[in-house]
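Engineer: Predicted structure and sequence below. I'll ask about it afterward.
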Amino acid sequence: STALIFFLVRRILLAAERDQLALQHSEERFRSYIEHANDIVYEVSAAGVLTYLSPNWQHFIGEPAAAAIGRSIADYVHPDDISRCWEILNLIQNSSERIGEVEYRVRHCDGSWRWHLSKGSPMTAGHGALISFVGIARDVTDRKEMELELQHQEELLRSTQRLAKIGGWEWNVAEQSMLWTEETYHIHEFDPVASGIAGAEIIDRSIACYLPEDRPVIRGAFARCVSRGEPYDLEFRFVTATGRHRWVQTIAEPVFAEGRVIRVVGNIMDITERKMTTAELQHKNAEMEHFLYTVSHDLRSPVITVKS
């Protein structure tokens, strides 16, 4: 019986030792993963104090992780973004739920700002109180800068179209879908949100803005561009959705792939001012011609009288 007890105790101790070794091995693997991860693994207290940072913090921020431990996130997060971070911490404390992704800027030791994308989970005590927040942060500066540059280019395009009064559009033949730029809606005076129109319907709504006698012309030109690849450049009188009378120039050309039209791209330009200027110039030229004719006639009349 003593031998049996000794045997059982030995079995228990060996099992505990194996469990301890397995746990140690698991911890070492986890530590290795954190230390060699491409992203920053961090822990923040409920008060917003950094309590852990993986070693690659230095790679992304330029200072050792140990130098940041014990400091507030407010020392690193951009002033315009810190309020959002505090809101998230408060939300976590009140709900103890995981958060979605959040973007914010972090100060590099050289004074520049790096964009980080972060997500994580709260660590709570048994009674549900928040102990800390553990998360993973990824440097997305390159992607963010590309997005901001794209936004800038889109805003520049919108401004250019607005100033030039030129709207762009594209018809996808296979999908039977139409894409309009903001200025195209503006020229038609359509509300892009409230109108809720797309595809062939938006073509019909657009053609309805032309005068009845011009509608077959523009519809036929568009159909030939789609079916035969014939470009067009036309000018028409135009009535907007609110009843404003304008002149527009509409241009389109096909895009081919493997010998067939896959898209039609074009633009529509408000040329009302140009037409008004041309008409005014023609009117002034006519008045000038009439004036010169009258002066010439009056100058010739005395001569004719003297000769008589």
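Structural biologist: Everything's here; your move. Numbering: from 1, shown residues only.
Engineer: The stretch 1-150 of the chain: strands as residue ranges?
Structural biologist: Using DSSP state E, counting those that start in this stretch, the strands of the stretch 1-150 of the chain run over 40-45, 50-53, 102-107, 113-124, 130-139.
Engineer: Quick one: those strands as JSON lines, columns for mean neighbour count and mean pLDDT too.
Structural biologist: In short, each C-beta sits where N, CA and C put it, glycine included. Supplementary listing: these in JSON lines, determined by neighbours: other CB atoms under 10 Å; pLDDT from 0 to 100:
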{"stretch": "strand 40-45", "mean neighbour count": "21", "mean pLDDT": "90"}
{"stretch": "strand 50-53", "mean neighbour count": "18", "mean pLDDT": "92"}
{"stretch": "strand 102-107", "mean neighbour count": "18", "mean pLDDT": "94"}
{"stretch": "strand 113-124", "mean neighbour count": "18", "mean pLDDT": "88"}
{"stretch": "strand 130-139", "mean neighbour count": "18", "mean pLDDT": "86"}
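Engineer: the helices in this protein, which residues?
Structural biologist: 2-35, 57-61, 65-68, 79-95, 141-164, 182-188, 200-207, 215-228, 272-307 (DSSP state H).
Engineer: Which one of those has the poorest average confidence?
Structural biologist: When the helices of the chain are compared by mean pLDDT, helix 2-35 comes last with a mean of 54.
Engineer: hang on, the earlier thing: would you mind telling me which of the strands of the stretch 1-150 of the chain is nearest Glu87?
Structural biologist: Comparing the strands of the stretch 1-150 of the chain by their distance to Glu87 (CB to CB), the top pick is strand 102-107, with 9.5 Å.
Engineer: Helix 141-164 and the closest one, what's the angle between them?
Structural biologist: Following axes from the mean of the first three to the mean of the last three CA atoms, to 10 degrees, one obtains 110 degrees for the angle between strand 102-107 and helix 141-164.
Engineer: Which neighbouring elements make contact with strand 102-107?
Structural biologist: helix 79-95, strand 113-124 (3 or more CB pairs under 8 Å, 6 or more residues apart in numbering; DSSP states H and E).
Engineer: In its sheet, which strands sit next to the shortest one, and in what direction?
Structural biologist: Meaning strand 113-124. strand 102-107 (antiparallel), strand 130-139 (antiparallel) (DSSP bridges).
Engineer: quick revisit: with distance to Ile251 as added columns, please give the strands of the stretch 1-150 of the chain in CSV.
Structural biologist: Converted to CSV, the strands of the stretch 1-150 of the chain look like this (distance: least, CB to CB, whole Å):
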stretch, distance to Ile251
strand 40-45, 52
strand 50-53, 58
strand 102-107, 40
strand 113-124, 40
strand 130-139, 45
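Engineer: Thr240 is nearest to which of those strands?
Structural biologist: Thr240 sits nearest to strand 102-107 of all these, at 40.2 Å, using CB to CB.
Engineer: count of neighbours near the closest residue to Arg215 other than its chain neighbours?
Structural biologist: Once flanking residues are discounted, Arg215 sits nearest to Ile207: 5.3 Å by CB to CB, 6 or more residues apart in numbering. Counted with other CB atoms under 10 Å, residues neighbouring Ile207 total 15.
Engineer: so what's Ile207 up against?
Structural biologist: Arg215, Ile218, Arg219 (CB atoms under 8 Å, 6 or more residues apart in numbering).
Engineer: Let me know whether Val77 touches Glu103 as I believe.
Structural biologist: No - with contact defined as CB atoms under 8 Å, Val77 does not count as touching Glu103 (11.1 Å).
Engineer: Any figure for the gap between Pro231 and Phe238?
Structural biologist: Separation of Pro231 from Phe238 (CB to CB, to the nearest Å): 20 Å.
Engineer: ok, the residue nearest to Arg162 when sequence neighbours are not counted - contacts?
Structural biologist: Distance criterion CB to CB, 6+ apart; nearest residue to Arg162, sequence neighbours excluded, is Glu183 at 5.8 Å. By CB under 8 Å, 6+ apart, the residues touching Glu183 are Arg158, Gln161, Arg162, Lys165, Ile166, Gly167, Gly168.
Engineer: Repeat the analysis, applying 7 Å as the threshold.
Structural biologist: By CB atoms under 7 Å, 6 or more residues apart in numbering, Glu183 lies in contact with Gln161, Arg162, Ile166, Gly167.
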